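Colleague: build me a structure from this.
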Amino acid sequence: PTIDGRIPNIRDNAIKTISSLAGMSIPPVVIVSGSSMASGKTSLLTELVQVLSKKGIRVSAGKLTGVACLRDMLSMRDNGAVEIASFLDAGYPSTAGLAPQVLVEIAKSVIARLAADGPDMMLLELGDGLIGDYGVIDVLVDSEIRDVVRVHAFCANDLAGAWGGFNFAQQHGLDIDLFAGPATDNLVGVEYIESEFKRPAINACKHPVRMAEIILNVLKQKALKVS
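Modeller: As a prediction, the model looks like this:
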């Protein structure tokens, strides 16, 4: 089908392209990465959105990398997000194979769009794994994005993924504040992660309220350090 004799393109109505977050008012950002696809990232954010919304916190949610899947974003809206946006809104069906500069520009455009509505908090998912061709690490290491991220949660399918994610992140100067995902399905996994990495490990589906409390406490502690 055509519109006015031209084939439609998803970029026709794309959100405004932003190359810098300088001077913008950005709320506290919680970002979630993982060891791979299907490692529990969307489940974590969906549970977190629901708990925070019930507390009266206005939360916006976004997805910065991955393959376009409206299900993930609609799930966040259904659970209480006041606004949602992703790379799809920036005019891209996928972030696979894109140049780092383009990836970072997409991420900043989504962040700026979500911040424009004045939420109390922003929750962002990085689809695919920390290591891969979808640009997760390129987004995380950008200096402006690092400056607005207050909590970095990491979802791992197993303990090998948790170990690899933690060490790969540290190699790139990044920290992980919280572990979740299938690696936390049992007590053995939780105990290993908390002993090895000295970070909280919490199963978001089993203990969503506790997870939200841990994240809010991390935000509070970091705010005290800044002040």
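
Colleague: which helix is the longest one in this protein?
Modeller: Taking DSSP state H as the criterion, the chain has its longest helix at helix 208-226.

Colleague: list the contacts of that one.
Modeller: Helix 208-226 has contacts (C-beta atoms under 8 Å, 6 or more residues apart in numbering) with 28, 30, 44, 47-48, 50-52, 55, 150-151, 153, 177-178, 180, 200, 202-204. Heads up, the C-betas are built off the backbone N, CA and C, glycines and all.

Colleague: can we see that at 10 Å?
Modeller: With contact meaning C-beta atoms under 10 Å, 6 or more residues apart in numbering, helix 208-226 is reached by 28-30, 43-44, 46-52, 54-55, 57, 121, 123, 150-153, 177-178, 180, 184, 199-205, 207.

Colleague: could you turn the buried ones of those into a ChimeraX selection?
Modeller: A single ChimeraX command selects the buried members of these (16 or more other C-beta atoms under 10 Å):
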select :28,29,30,43,44,46,47,48,49,50,51,52,57,121,123,150,151,152,153,177,178,180,184,199,200,201,202,203,204,205
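
Colleague: in strands, which of the contacts of helix 208-226 appear?
Modeller: Counting by DSSP state E, these place 29, 30, 121, 123, 150, 151, 152, 153, 178, 180 in strands.

Colleague: give me the buried positions along the longest helix of the chain.
Modeller: 208, 211, 212, 214, 215, 216, 218, 219.

Colleague: dump these to TSV, plus distance to residue 19.
Modeller: Shown next, in TSV, are the buried residues of helix 208-226 (distance: C-beta to C-beta, whole Å):
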residue	distance to residue 19
208	36
211	34
212	33
214	34
215	29
216	32
218	29
219	27
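
Colleague: number of residues surrounding residue 13?
Modeller: 9 (other C-beta atoms under 10 Å).

Colleague: before we move on, back to that, which one of the buried residues of helix 208-226 is nearest residue 92?
Modeller: Ranked by distance to residue 92 (C-beta to C-beta), the buried residues of helix 208-226 are led by residue 215 at 28.6 Å.

Colleague: separation between that closest one and residue 221?
Modeller: As for residue 215, its distance to residue 221 is 11 Å (criterion: C-beta to C-beta, to the nearest Å).

Colleague: ok so, going back, how far away from the center of its chain is the longest helix of the chain?
Modeller: Mean-position distance between helix 208-226 and its chain equals 16 Å (C-alpha atoms, centre = their mean, to the nearest Å).
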